[in-house]
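Peer 1: sequence and predicted structure are below.
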Amino acid sequence: MITLRKSDERGHADHGWLRSWHSFSFADYHDPAHMGYGNLRVINEDLIAPGTGFGTHGHRDMEIVSYVLDGALAHKDSLGNGATITPGEVQRMSAGTGVLHSEFNHERERVTHLLQIWILPSQRGIAPGYEQKRYADADKRGRLRIVAAPDGRDGAVTIHADAALHAGLFDGDEAASLPLAPGRLGYVHVARGEVEVNGQRLRAGDAALLRDEPAVALSGGRDAEVLVFDLAR
């Protein structure tokens, strides 16, 4: 079974310095029908104005993945990490027993466009941690490149959750599929462009929720950048 979640159905918040679209209930947006999917709890598409950002704030017991689409995001945290995330990089922060961090767009004219992803951990109370890696466009072109996984396989960042995240770029005749084991959930988020997911056309901001499907099949992309999740129920 495939359920589509269209971009314009998402929650939306405009704070001036931040415009955000929420795929699932978050902050002041509450929809009992969209509280998450499996152990995927948050996908926020954020546009952060130049010279602004999130001040220091805390998290606990959550695996947080940041995926920058345009611009740059400066990160600092109470673990002593300081880095700038740019397109092609994936950042993982395990909040665990508690971590404080800030995120800022230091660009003077350029908006930072990113996806903030939260996944429920398999175990509460772990030690906080941080990891960041770059994945070349060539490694995502016409294929699904694993970028986050519980065992860190094939160079993925290691998340402490029963989930795997793949990223791909698709255009023209490029196609790829990801098998889903029985009992697993699939979730596809189109970050930009458009693509067919199991025969259904999706555009930027759209998502497909797959249950009891043998695979996620992507084809017919038009400048598409896609995130595909393999999730526990």
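Peer 2: The structure has been received and is ready for your questions.
Peer 1: from now on I want contacts and neighbour counts done on CA atoms only, so please keep to that.
Peer 2: Will do.
Peer 1: partner residues bridging the residue nearest the centre of the chain?
Peer 2: Centroid-nearest residue in the chain, with Cα atoms, centre = their mean: residue 117, separated by 4.3 Å. Here residue 117 sits in beta bridges with residue 43, residue 65, going by DSSP bridges.
Peer 1: any idea how far it lies from residue 96?
Peer 2: 15 Å (Cα to Cα, to the nearest Å).
Peer 1: which residues touch stretch 127-137?
Peer 2: 79, 81, 88-99, 147, 156-158, 169 (Cα atoms under 8 Å, 6 or more residues apart in numbering).
Peer 1: quick check: mean pLDDT across it?
Peer 2: Rounded to a whole number, the mean pLDDT of stretch 127-137 is 95.
Peer 1: and that stretch, C-alpha only, in CSV?
Peer 2: Extracted in CSV, the C-alpha atoms of stretch 127-137 (Å, rounded to 0.1, in the frame of the first residue of the first chain):
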residue,chain,number,x,y,z
ALA,A,127,26.2,8.9,25.3
PRO,A,128,25.7,11.9,23.0
GLY,A,129,27.7,11.8,19.8
TYR,A,130,28.4,13.6,16.5
GLU,A,131,29.4,12.6,13.0
GLN,A,132,29.6,14.4,9.6
LYS,A,133,30.5,13.0,6.2
ARG,A,134,30.5,14.2,2.6
TYR,A,135,28.9,12.2,-0.3
ALA,A,136,29.8,13.1,-3.8
ASP,A,137,27.1,13.7,-6.4
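Peer 1: whichever of the contacts of stretch 127-137 end up buried, select them in ChimeraX.
Peer 2: In ChimeraX, a selection of the buried entries from the contacts of stretch 127-137 looks like this (16 or more other Cα atoms under 10 Å):
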select :88,89,90,91,92,93,94,95,96,98,99,147,156,157,158,169
